[in-house]
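Novice: Got a sequence here, can you build the structure:
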Amino acid sequence: MSRPTRGRHARSRDPRAHWLLLCLVLPAMFAALLFEGWTNHEVDAAKTRRDCTKPVPDAVAEGGPVLRIDGGRVKSSAMPARTVALTFDGGPDPVWTPRLLALLREHQAHATFFLSGAKAAQHPELVRKIRAAGHEIGSNAYTGADLGASSSVRAGMELTLTRKALAHSAGTHTRLLRMPQTTTVDTLCGAEWKAARRAAADGYLLVAADRASRKPAQGVIRQYSQTDLAYHEARKLLESPHVDRFTTVSAGLRLPPAESASTVEKWEGTALVWVKRIGHAFVRGMAWVLGIAGALGLLRLLLLVLFARTHVRRLTRFRPGSPWLREVHEPVTVLIPAYNEEAGIESTIHSLLASTHPHLQIVVIDDGSTDRTADLATWINDPRVQVLRQPNAGKAAALNTGLAHAAYDIVVMVDADTVFEPDAIYRLIQPLAHPAVGAVSGNTKVGNRRRLLGRWQHLEYVFGFNLDRRMFEVLECMPTVPGAIGAFRRDALMGVGGVSEDTLAEDTDLTMALWRAGWRVVYEESAVAWTEVPSSLGQLWRQRYRWCFGTLQAMWKHRRAAVELGPAGRFGRRALSYLTLFQVVLPLIAPIVDLFALYGVLFLDPVRSTGVWIGFLVVQLLAAGYALRLDGERMRTLWAMPFQLLVYRQLMYLVVIQSVVAILLGSRLTWGRMRRSGTAAQHLGQRLPQPEPELTAR
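Specialist: Sure thing, here's the model as predicted:
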């Protein structure tokens, strides 16, 4: 009993849940990057202090450095005589905080540490050491931004996030606030005063510092940063004979101790600390990944160009007339598997019949088409054309059917949407003069390249596929003879059991099997065929998804080649490693790398980040220009490349992600196809076949 007609071509259901996961993970990662950039103060509208437009109120200017604001009333306080409150801003610092703690312990003194929430979240262990030593903890906002220059929302976040970070690390709910970038009370002017009033309304006690003219014997609050200079100045003050007591702000003013943080605030602080750690680790890790990925990308481009140059120098070994090899004139069997290819099947056959190689057997295997594919092929009245019909079974089965009817020892496999240069078959089979060569890859070019999507694929075929093939031939590890145009020894095909149906990438699977059987596979760039590429993103997605899925299947199937000896081992260690690194691993992490590149533009040095991207683009343009020159193509196509990197590349990344997930989930795909328009023949100047009127039943 035959299979249903559409059995092998029906679209399968792809796993969809991972797209939701991807849509959640990438925004979450970008949010972590945004948060890390913000907390590191790398992009901040409040980096610098604005000049005051209004002076501080008189009640503030004439009072002490500690302010309590209740509505319109201001109450100030100062340290009692011979009492000094040492205050340190901006920590905790991994270097200077431990030194300051040791200094205070040496002099049996206590101090108040006004901590940055971001640094407290990054170094919670230092906050606990400060607390355990009996010192007081206050807030210095989250990023140290000027609260007067910040919006009310931003200022509120600065205070709220700091409170949560301190709740986790110190277990306290501090009421002391030192406004960032302020010193004495007269600096709380203009917009800063408005911000101070908003903070006071939230229950904060504002702590400034006494003027430098006030003597320690009068009682002062001294302000220091956590630096080398501040360390030595604090040491001098601690050794002063005019001070009886070094204490905290609250103890000096006899204020109640800080309240314990609630359980909810502690949990929120814990979550904040983890977000901070993840963002920090992610930024550091991605900096390494971006550097390694960039270095590998540049190394790959350099190797592609160098190996392409080496390949050009070796071409004469397999050229007709070379003193090393004879010319090949043996007859050839051409196999054309076809399913619903009525748009292009006539152009394909006519281009083959016009071949300069005279001895051809053209076998068209109609794989259960539901259109006029088989009829159109049959109506070409040429004895060299043979049409076989079979129930729908898939491309591999169709090729095996044709192989069983092959009359000659050289077999060329082509796609039914491809048209050939007149000398393509002759040039394609010439490398088979070498007895070790079992298969030859031809040069597939994009026929329908007038639109932007076609131009992108044209660049990919020339710059990506063909440069890779040149490198693979030099390294003797060609992983794929494309289904569009490839020549094989019939005995090599029969020796590996024909075309396997185990994977969707039957061409890659077959090529790998030939390597493992001891055959060499080479590339003949002068054997040119024109193919029709997908003209819509949906068609492109389905085609590349099948290619990538099948390639992963073939790589897994032939993974043992990496530990084998001889040509098989050489192929496995070189080709499989290359494919794994550059066609699986790097595309999987590429979306995250792109996010980090955007992070660099937004939060790091935008000029340097943009310069790096432009530099990498220039290198790619140079390599692509060299590839176009080798293939005899026009350079003007390069204008589309920047847009290809921004749009097309992202689609290819998603294809790899989808394929890897599908493989891991055990999904099964079928041999799909795209809708053809027959435009591949345009570059050969052939007239496209006109659709005929519907035939009535006879």
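Novice: Send over stretch 624-632 as PDB, restricted to the C-alpha atoms.
Specialist: The C-alpha atoms that make up stretch 624-632 are tabulated as PDB, following Å, rounded to 0.1, in the frame of the first residue of the first chain:
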ATOM      1  CA  ALA A 624      33.100  39.600   0.500                       C
ATOM      2  CA  GLY A 625      34.600  41.700  -2.300                       C
ATOM      3  CA  TYR A 626      37.400  39.200  -2.700                       C
ATOM      4  CA  ALA A 627      34.800  36.400  -2.900                       C
ATOM      5  CA  LEU A 628      32.800  38.300  -5.500                       C
ATOM      6  CA  ARG A 629      35.900  38.900  -7.600                       C
ATOM      7  CA  LEU A 630      36.900  35.200  -7.500                       C
ATOM      8  CA  ASP A 631      33.400  34.300  -8.700                       C
ATOM      9  CA  GLY A 632      33.400  36.900 -11.400                       C
END
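Novice: and the next element down the chain from the strand or helix carrying G279?
Specialist: For G279, the element it lies in under DSSP states H and E is helix 263-314. Next helix or strand after helix 263-314 toward the C-terminus (DSSP H and E): strand 332-338.
Novice: Show me what counts as buried in the helix or strand just after that next one.
Specialist: Following strand 332-338 in sequence order, the next helix or strand is helix 345-353 (DSSP H and E). By neighbour count on 16 or more other C-beta atoms under 10 Å, the buried set for helix 345-353 is 345-352. C-beta: built from backbone N, CA, C; applies to glycine.
Novice: I'd like those residues laid out as CSV, including distance to T503.
Specialist: Below are these laid out as CSV (distance: C-beta to C-beta, whole Å):
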residue, distance to T503
I345, 25
E346, 30
S347, 29
T348, 25
I349, 28
H350, 32
S351, 29
L352, 27
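Novice: looking only at pLDDT, what's the mean for the helix holding G279?
Specialist: Helix 263-314 carries an average pLDDT of 82.
Novice: Over to stretch 545-562?
Specialist: On average, the pLDDT along stretch 545-562 is 90.
Novice: Over to stretch 328-337?
Specialist: Mean pLDDT, stretch 328-337: 94.
Novice: what's that stretch in contact with?
Specialist: With contacts defined as C-beta atoms under 8 Å, 6 or more residues apart in numbering, stretch 328-337 is touched by 345, 348-349, 352, 357, 359-365, 367, 395, 398-399, 402-403, 406-416, 425, 429-430, 432-433, 487, 490.
Novice: How about stretch 220-228?
Specialist: For stretch 220-228, using C-beta under 8 Å, 6+ apart, the contacting residues are 65-66, 78-79, 84-93, 96-97, 100, 178, 183, 207-210, 214, 216, 230, 233-234, 237, 249.
Novice: And the buried ones among these, selectable in PyMOL?
Specialist: Buried members of the contacts of stretch 220-228, defined by 16+ other C-beta under 10 Å, are picked up in PyMOL with:
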select buried, resi 65+66+78+79+84+85+86+87+88+89+90+91+92+93+96+97+100+178+183+207+208+209+210+214+216+230+234+237+249
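Novice: Please flag which of the contacts of stretch 220-228 sit within strands.
Specialist: Members of the contacts of stretch 220-228 lying in strands (criterion: DSSP state E): 66, 84-91, 207.
Novice: and the two most separated of those residues?
Specialist: By the measure C-beta to C-beta, V66 and G91 form the most distant pair in the ones in strands among the contacts of stretch 220-228, at 20.5 Å.
Novice: Touching, D509 and Q553? I think so.
Specialist: Yes - using C-beta atoms under 8 Å, D509 makes contact with Q553 at a distance of 7.4 Å.
Novice: Neighbour count for the two, which is higher?
Specialist: The neighbour comparison of D509 against Q553 (other C-beta atoms under 10 Å) goes to D509, with 25 against 19.
Novice: any idea which element that one lies in?
Specialist: Going by DSSP H and E, D509 is in helix 506-516.
Novice: that older thread, relative to the whole chain's centre, how far out is the helix holding G279?
Specialist: 9 Å (C-alpha atoms, centre = their mean, to the nearest Å).
Novice: Give me the packing partners of that helix, helices and strands only.
Specialist: helix 17-39, helix 117-122, helix 152-169, helix 467-475, helix 586-603, helix 606-630 (3 or more C-beta pairs under 8 Å, 6 or more residues apart in numbering; DSSP states H and E).
Novice: give me every residue that touches Q644.
Specialist: 456, 459-460.
Novice: one more time with 10 Å, if that's ok
Specialist: 452-453, 455-460, 463, 620, 624, 638, 652 (C-beta atoms under 10 Å, 6 or more residues apart in numbering).
Novice: how near is it to W456?
Specialist: In this view, Q644 and W456 are 5 Å apart by C-beta to C-beta, to the nearest Å.
Novice: who touches both of these two?
Specialist: Jointly contacting Q644 and W456 under the rule C-beta under 10 Å, 6+ apart are M652.
Novice: quick one on the thing from earlier: give me the subset of the contacts of stretch 328-337 lying in strands.
Specialist: In strands, judged by DSSP E, the following of the contacts of stretch 328-337 are found: 360-365, 367, 410-414, 487.
Novice: So which of those residues is the closest to L475?
Specialist: Relative to L475, and with distances defined as C-beta to C-beta, the nearest of the ones in strands among the contacts of stretch 328-337 is A487, at 20.5 Å.
Novice: Quick check, the closest one in contact with V412.
Specialist: Yes - in this structure, A487 is within contact of V412 by C-beta atoms under 10 Å, at 4.9 Å.
Novice: Mutual contacts of D509 and Q553, please.
Specialist: Common contacts of D509 and Q553, defined by C-beta under 10 Å, 6+ apart, comprise 502-503.
Novice: hmm, back to that, could I get the ones in strands among the contacts of stretch 328-337 in CSV, plus columns for neighbour count, distance to R154 and pLDDT?
Specialist: Shown next, in CSV, are the ones in strands among the contacts of stretch 328-337 (neighbours: other C-beta atoms under 10 Å; distance: C-beta to C-beta, whole Å; pLDDT from 0 to 100):
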residue, neighbour count, distance to R154, pLDDT
L360, 18, 75, 93
Q361, 20, 77, 94
I362, 24, 73, 94
V363, 24, 73, 95
V364, 27, 70, 95
I365, 28, 69, 94
D367, 29, 65, 91
I410, 22, 74, 95
V411, 27, 71, 96
V412, 29, 68, 96
M413, 27, 65, 95
V414, 29, 64, 94
A487, 29, 68, 95
